[in-house]
Structure formats: C-alpha cells, structure tokens
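1. when you get a sec, could you give me coordinates for this:
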Amino acid sequence: MLWLLGQGQTAQQVAAVTGYSAYWIGQIARRYNQQGSAGVSNRWHQAAGQAPTVADAVLEELRQAMQQPAPDGEVWTGRTVAEWLSRRLGRPISYHLGWRTLRRLGWRRTAPRPRHIQAADAAAHDAFKGGSAN
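-> Below you'll find the predicted structure:
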C-alpha cells in the first residue's frame, strides 16, 4: 500500500488494487508518517487479550444461585443471569453476556423439544410399533 501511495496513486486507486478501504489505507499512511516502519508493523501478537468480564469468584456465586429456581420463578435465561449479574456487580450487564455466562458455566436447555401439532397420539405410536406380520 505504501509503495503504491509513494508511486503517486490515490487511496481510492490503492483500495481498488488491494481490497482494503481507502479509510484504512489513509490510517496506515498516517501511522507510517508519524512512527516510521514501526507504525505499520503487525501488532496482533502484542495484544494481551482481555480479562474475563465476570471473575471466577462471581461465577462460583452464580453457579450456587443457579441451584435454586430463577428469581422470577422460571428457568435461568440470559436475561435472568444478566439481571443477577447487574445486581451483584453494580453495573449494567447485557443479555448477551448473560447468555455467554450461562454457556461458560456449561448450562444446557432442559425443556423438551416441541411436538408437531399433527403428531400422532400414544395409541397410534403403539399400533405402529406393533411389529411385522411375518
């Protein structure tokens, strides 16, 4: 990208050739002008990662709380976990993080699968399973 820009091409022309957006090409050029070659090095390996949003101690408290029915009397859902975490941590927690936390704890849906409205009744199942005529 930088070589093409150095040849006098515009960011739009470089974008058409490289597949990067003109905005990103401008960001890379600006970083190169400010920091030199160190500004355009691959920084992915330097990313330290993010600390878990919910600490292990809080997860253990939640695991204990989930041994009882959910506060609304229903099953634990992403919404109920998010509300429990919001009260415990004193800050808003999204429903999505509540769901991810449920999955992190190994929670699985335990409700039976829905049945088709025209499914046969038990007597029809038994008649079908009657066996072969041979």
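2. what residues of the lengthiest helix in the chain count as buried?
-> If you go by DSSP state H, the chain has its longest helix at helix 22-35. Buried residues in helix 22-35, counted by 16 or more other Cβ atoms under 10 Å: Ile25, Ile28, Ala29, Tyr32. In short, each C-beta sits where N, CA and C put it, glycine included.
3. quick check, the first one in contact with Gln9.
-> No - using Cβ atoms under 8 Å, Ile25 makes no contact with Gln9, being 9.8 Å away.
4. tell me which two of the buried residues of helix 22-35 sit farthest apart.
-> Ile25 and Tyr32 (10.6 Å; Cβ to Cβ).
5. what residues go with each domain of this structure?
-> For the chain, the structural domains run 2-40, 56-104, going by automatic domain parsing.
6. quick one: low-confidence parts of this protein?
-> 47-52, 131-134 (pLDDT under 70).
7. okay, the domains of the chain in CSV with distance to Phe128 next?
-> Shown next, in CSV, are the domains of the chain (distance: least, Cβ to Cβ, whole Å):
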stretch, distance to Phe128
domain 2-40, 58
domain 56-104, 33
